[in-house]
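*Asks:* Provided below are the primary sequence and the corresponding predicted coordinates.
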Amino acid sequence: MTSSAVPPANTEKSLPNSWRGDVQNCLVAGETVESWVETDLDARLHFADNLVVITNRRLLAHIPGNGEWKSWDFRAGLSLRHRSHVGVGTLELVDDGGRLAIWHYTMNRNMAALSVRRAFEEQLDSTITGQPVAKHEEILCPRCKLPLEPGIEECPICTRETQTPPSTWTLFRLWRFARPYKGRLLAGFLLTLASTGATLVPPYLTMPLMDNVLIPFQNGKPIDVRLVELYLSGLLGAALLAWGLGWARTYILALVSERIGRDLRTATFEHLLQLSLEYFGGKRTGDLMARIGSETDRINLFLSLHLLDFATDVLMILLTAIILFSIHPWLALVTLLPLPIIAWMIHNVRDRLRTGFEKVDRIWAEVANVLSDVIPGIRVVKAFAQEKREAARFREANLHNLVLNDRINKIWALFSPTVTLFTEVGLLVVWGFGIWQISKGEITVGVLTAFLAYIGRFYTRLDSMSRIVSVTQKAAAGTKRIFDILDHVSSVPEPVNPVHLMDVRGEIELRNVGFRYGTRAVTHDVSLTIKSGEMIGLVGHSGSGKTTLVNLICRFYDVTEGSVLIDGVDVRSVPVAEFRRNIGLVLQEPFLFFGTIAENIAYGKPDATREEIIAAARAAHAHEFILGLPNGYDSLLGERGQGLSGGERQRISIARALLINPKILILDEATSSVDTETEKEIQKALDNLVRGRTTIAIAHRLSTLRKADRLVAMDRGQVVEMGSHDELMAKEGHYYRLYQAQARNVDTEPEIPRAVDRFREHAA
Amino acid sequence: MSTLNLQLVRNPFGRLMLTTAQGTEEEVVPVRSFPIAAPENSISLVSMDGHELAWIEHLADLPDAQRRLVEEELASREFVPEIRAIKTISSFATPSTWQVDTDRGPFALVLESEDDIRRISRTMLMISDSNGIQFLVRDLTKLDRSSRKLLDGFL
C-alpha cells in the first residue's frame, strides 16, 4: 500500500480558494505545488494568515501586509529549520550567510508545516542531485487520508474535528450496547404504552360518573347503584392495572439499563487496559476514573429514569390529546394551547437554576480543595505556623459558597410556587372556557370535569419534562467521553501474523532505534546489542532517554524508526502479553496492590504455590522481615504498601519479578529512593535476581552498576559511550564526567564515599 | 538610566549573541522570571544548554539598543495572547469553540475541558486551548458584560 494512489491532501488542488488564484499567478510553466502551509501568525506573533508554498523548483511565500510574494529558488546551502516553543511553531529559511526568512504558526498547523519541511528537503535534494523525488511509503490517517508524521498515532486534524461539542446524536451510539437487550426493550416499550393507557382511564370515567350519576341526582333522580358500582369498579380496575403494568415496565427497563451500564463499564475498562502507556501518559488518573465510574452511572440514570419518564410523559400527552380531541375539539385546543408556553417558561427558569447549581458545585470543589491541600500537608502547615492563614482561606472559600447559595436559593425558592402558579393559570383558562361552553349547552359538566382531571395530570409532569434538555446534554457529553476511550486504537497493536517465541534466550538488539513523542524526538539512531545473560548499565543525566529506551524494549511504546529485536525477532511480531511474560520489571517506586503480601508477590503468576512464593521472597531477602509482620505472608497491604519501609516494599517487588523467572530483567532506578544502608540490602536481593538473566539497569548512583558487564552512557537521546567502567574512565569522556560529578559530592553526601570506594575496588 | 552594559548583538541568523566575561560569544535566550507578576523585572539570559549567563534586574537598566534587542527577542518567543472579549461560544459543554478577540487579533480557540481554565488570582485567568496555547484574561472585571456572562458559564 503506497501513498501514490491517494493524492496528499496539501497539494495544489487543496489550496484554499483565497490563495489559489494568487499562487497560480506566481507559478511558471511546468511548476507544480508540492506542499503548502497556511501560517497563522506574523513576525510579532499577531494572528494573521500567510502562506508558504513548496513547488518543484522553489519556496514561495506571501509577504504579510503588502500582498507581495517572495520566492527562493532551490540551491545548495539552503535549509529550512523547524522548531517549536510553547504553542508556537517556527519555520526558518537559512543559508550559509544567515537567516533569509522566518514564519510563525500555532501548533494546529504543525502537521502541515512538517510536511512542508519534508517536501522542501526532498525537492531541494532532487534539484541539487538531479534525481527525481523518490516515492516513499507514508502512513495515512485512516479518516482524512492526510499523511501522518511518523510517531503520531492520531491525526491532529481529525482530532480537531472530533473536538466539536458532543451532539445529542452521540447517544444513539449506545445502541451498540442496547442491542443484546432488544427483546426486553421492546417489551418495556409495549408495557409503557399499556400502563400509560391504563392511567388515562380514570379521568375518562369521571365523565359518565358526573353526567349519568351525579348531575341526574342533583336534578332529583335517585342514584343508579348498579351504574355507580360499574364505574367505581372500572376506576379500581384501571388503577390496579396501571399499578401492575407500571411495576413491570419500570422493573424491566431498570433491569435492562443496569445491564447496559454494566456492559459499558466493563467494555470501557477492558479497552482501557489494552491501550498503550502513551495514552495513560497524556491522561489524568482522576479523569479516567470519573469517566468509567460516574459517567457510566450518569448514562445509566439517564436511560433508566429520565429517558423513561420522558417517553412516558410524551406518550401520555399524545394519548391525552387524542382523547381530548375526540371528546371535544375546541375545548381540547384551548386546553392544550397554553401548554407549550408554560413548558417554555419552566424550561427557562430551570436553565437559570441549572447554571446556578453548577456554579455551586464548582465552589464546593474549591472548599474541598482547601481541605485536600491542608490535611495531607498538615506537617508543613504546622511547621511554618500557618494555621491562621489556612483557616482564613477556608473561611473565605466557605463565604464564597454561602454567597452563591444565597443567590441561587432566591430563584430556587421561587421555582415550585411558580410552577404551581402556571398550572393554576392554565386550569383557570380551561375553567373559564368550559363554563362558557356549558352555559351555551355545547358540553356537559362531565366533559369539563374530565378535561380538568386530564390536564391537572400533565401540568405536574411539565416540570420533570423540562429537565430532559439538560439531562440529555449531560448524558450525551458523558457518552462522548466514554466513546473517546472506546474509539482510541492502541498504538502498540497486536501483530497480525504473530510469531511465537518458544524458548527465549534473552538476546536483545536495538537497530537504529528512534522514538518521537509527538513532535519531540526523544531518542534517535540508537543501536545496541545485548547478549543473553549480559548485564548492561544505562547511565546519563535525567532526560537523556534511558527510561524511553527501556520502555521501547518492554514495548510500552513502539519505535518510530528502526526496530527492537528479541532473539532476532522483531518485538512487534510477537504477541504483546507473550513477550512481556519474559520481562521482569523493578521500578523506582514499587507499586503494591491492595491485598496480602503473598498475593502481591504472586501478581505476575497468580497460580504460584506457597513454596514458590517463599523461595522468591527468600531470594529477594524479604522472607525475614515478612515473618516479622503480625500476619506473615497474609499481612494486608494498602494501596502504597503502608506500614512497610521503602526498602521492604522494593524487596517485595523484587520477589515479584523473581517469581515469574523472566529471561530479561529491567531495573529502572530500583535503588534510587532509599538510603545506602537499605540499598545494600536491596543490592543483595538484586544480585540474586540478576544471575543468569539479561539485565538492563538504569541507575543514578553509579555504584549500583558495579556488576554490569558493560556501561552505556546516554546523552540527549543518543548513545555516546559504551564499554566497561575502566575503559570509559580511561576515555575521560561523558561517563568520566558523570563519575567525577558524583565523586565531587563526597563532602555533601556522606553516602557517596562508600559508593566511590566500592567503585575503586572494582576498578582496581 | 542605563547601569548595565551587556555585549549583545543579533547575528545574521537572527540569533541573540552574548559575549561573556570570558570573551566567548554564546547564543542566549532571554527568559522572564515572573512573566505574569513582574514581566519587566528579573530577566535572565540563558544559554542554549540552559545555563544562566547574565541577569537583568530591570529591563530599564539596559541601554536602549540592547533593551530593544531583548524586547524583540522576547516578543518573538512569548505567545500568551490576552483575551479582550469573548464573542461567541459554541456550547457550554466542553469541548467548546470560543471566538475571542485578543491583543494579537481574533482567534477561535478550542477549550477541551473546564479544568483548562485556571484561576491565577481573584481576577486573573489562564486558559489553555487544545493546542497548548495559553490565553490570559488579565482582569475578569474589565471584560464587557456579555464576555463575562459567557465566561461565567464555565467558572
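*Replies:* Sure thing, it's come through. Numbers count the residues shown, from 1 in each chain, chains lettered A, B, ... in the order given.
*Asks:* Okay, and A:Trp72 sits in which element?
*Replies:* strand A:69-73 (DSSP states H and E).
*Asks:* which other residues reach that strand?
*Replies:* Identification of contacts with strand A:69-73 by Cβ atoms under 8 Å, 6 or more residues apart in numbering or on different chains yields A:22, A:26, A:57-63, A:78, A:93, A:100-101. Any C-beta I mention is one placed from the backbone N, CA and C, and that applies to glycine too.
*Asks:* who does that strand pair up with?
*Replies:* Each strand paired with strand A:69-73, and its direction, by DSSP bridges: strand A:58-62 (antiparallel).
*Asks:* list the contacts for B:Pro39?
*Replies:* B:Arg32.
*Asks:* That one in helix, strand or coil?
*Replies:* coil (DSSP: H, G, I helix; E, B strand; the rest coil).
*Asks:* got the domain boundaries for the chain?
*Replies:* Assuming you mean chain A. Per automatic domain parsing, the structural domains of chain A span A:3-161, A:168-328+A:443-487, A:590-661.
*Asks:* please go with chain B instead
*Replies:* Under automatic domain parsing, the residue ranges defining each domain of chain B are B:7-77, B:83-152.
*Asks:* Could you list the residues of chain B in contact with chain A?
*Replies:* Residues of chain B lying close to chain A by Cβ under 8 Å from any Cβ of the partner chain are B:11-14, B:75-79, B:81, B:90-97, B:102, B:104-107, B:110, B:112-114, B:130-134, B:152-153, B:155.
*Asks:* so, in contact with chain B or not, the lengthiest helix in chain A?
*Replies:* Looking across chain A with DSSP state H, the single longest helix is helix A:387-439. No: if you take Cβ under 8 Å from any Cβ as the test, helix A:387-439 misses chain B, and the best it gets is 10.1 Å.
*Asks:* Next secondary structure after that helix?
*Replies:* Scanning forward in sequence from helix A:387-439 by DSSP H and E, the next helix or strand is helix A:445-466.
*Asks:* elements contacting that next one?
*Replies:* helix A:201-208, helix A:307-327, helix A:329-336, helix A:338-374, helix A:387-439 (3 or more Cβ pairs under 8 Å, 6 or more residues apart in numbering or on different chains; DSSP states H and E).
*Asks:* any idea which of those helices is most buried?
*Replies:* Highest mean neighbour count of the helices and strands packed on helix A:445-466: helix A:201-208, a mean of 19 (counted as mean count of other Cβ atoms under 10 Å in any protein chain shown).
*Asks:* For chain A, which residues are neighbours of chain B?
*Replies:* Close to chain B, as judged by Cβ under 8 Å from any Cβ, chain A has residues A:41, A:43-48, A:85-88, A:92, A:94, A:97-99, A:102, A:104, A:106-108, A:160, A:163-166, A:287, A:355, A:359, A:362, A:473-474, A:476-477.
*Asks:* how about the closest residue to chain B within the stretch 451-600 of chain A, secondary structure?
*Replies:* Here the residue of the stretch 451-600 of chain A nearest chain B is A:Ala477; by Cβ to the nearest Cβ that distance is 4.9 Å. Here A:Ala477 is helix, with the state taken from three-state DSSP.
*Asks:* Check what pLDDT it gets.
*Replies:* You'll see A:Ala477 listed with a pLDDT of 76.
*Asks:* In chain B, which residue sits closest to chain A?
*Replies:* Nearest residue of chain B to chain A (Cβ to the nearest Cβ) works out as B:Pro12 at 2.6 Å.
*Asks:* distance of that residue from A:Arg99?
*Replies:* Distance, B:Pro12 to A:Arg99, using Cβ to Cβ, to the nearest Å: 7 Å.
*Asks:* Neighbour count: these two, which is higher?
*Replies:* In this view B:Pro12 and A:Arg99 are compared by other Cβ atoms under 10 Å in any protein chain shown, and A:Arg99 has more residues nearby, 16 against 12.
*Asks:* isn't the more buried one right up against B:Ser76?
*Replies:* No: checked against Cβ atoms under 8 Å, the pair A:Arg99 and B:Ser76 is beyond contact range at 11.8 Å.
*Asks:* Make TSV out of the domains of chain B and add mean pLDDT.
*Replies:* As requested, the domains of chain B are exported to TSV (pLDDT from 0 to 100):
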stretch	mean pLDDT
domain B:7-77	85
domain B:83-152	84
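*Asks:* any idea which element A:Gly89 lies in?
*Replies:* If you go by DSSP H and E, A:Gly89 is part of strand A:88-95.
*Asks:* the inter-axis angle of that strand versus strand A:69-73?
*Replies:* If you take axes from the mean of the first three to the mean of the last three Cα atoms, to 10 degrees, strand A:88-95 sits at 50 degrees to strand A:69-73.
*Asks:* Now strand A:88-95: buried residues?
*Replies:* Neighbour counts over strand A:88-95 (16 or more other Cβ atoms under 10 Å in any protein chain shown) mark A:88-94 as buried.
*Asks:* quick one: the residue of chain B closest to chain A from A:Asp42, how far?
*Replies:* Counting by Cβ to Cβ, the gap from B:Pro12 to A:Asp42 is 21 Å.
*Asks:* Specify the angle between whatever helix or strand A:Asn50 lives in and strand A:58-62 in degrees.
*Replies:* When secondary structure is defined by DSSP H and E, A:Asn50 falls within strand A:47-55. When the same axes, to 10 degrees is applied, the directions of strand A:47-55 and strand A:58-62 differ by 160 degrees.
*Asks:* what does strand A:47-55 rub up against?
*Replies:* With Cβ under 8 Å, 6+ apart as the test, strand A:47-55 has contacts from A:19, A:23, A:27, A:31-42, A:59-64, A:91, A:103, A:116, A:119-120, A:123, B:81, B:102, B:104-107.
*Asks:* Where does the prediction get shaky in the stretch 601-750 of chain A?
*Replies:* Flagging of the stretch 601-750 of chain A using pLDDT under 70 yields the residue ranges A:638-642, A:673-674, A:744-750.
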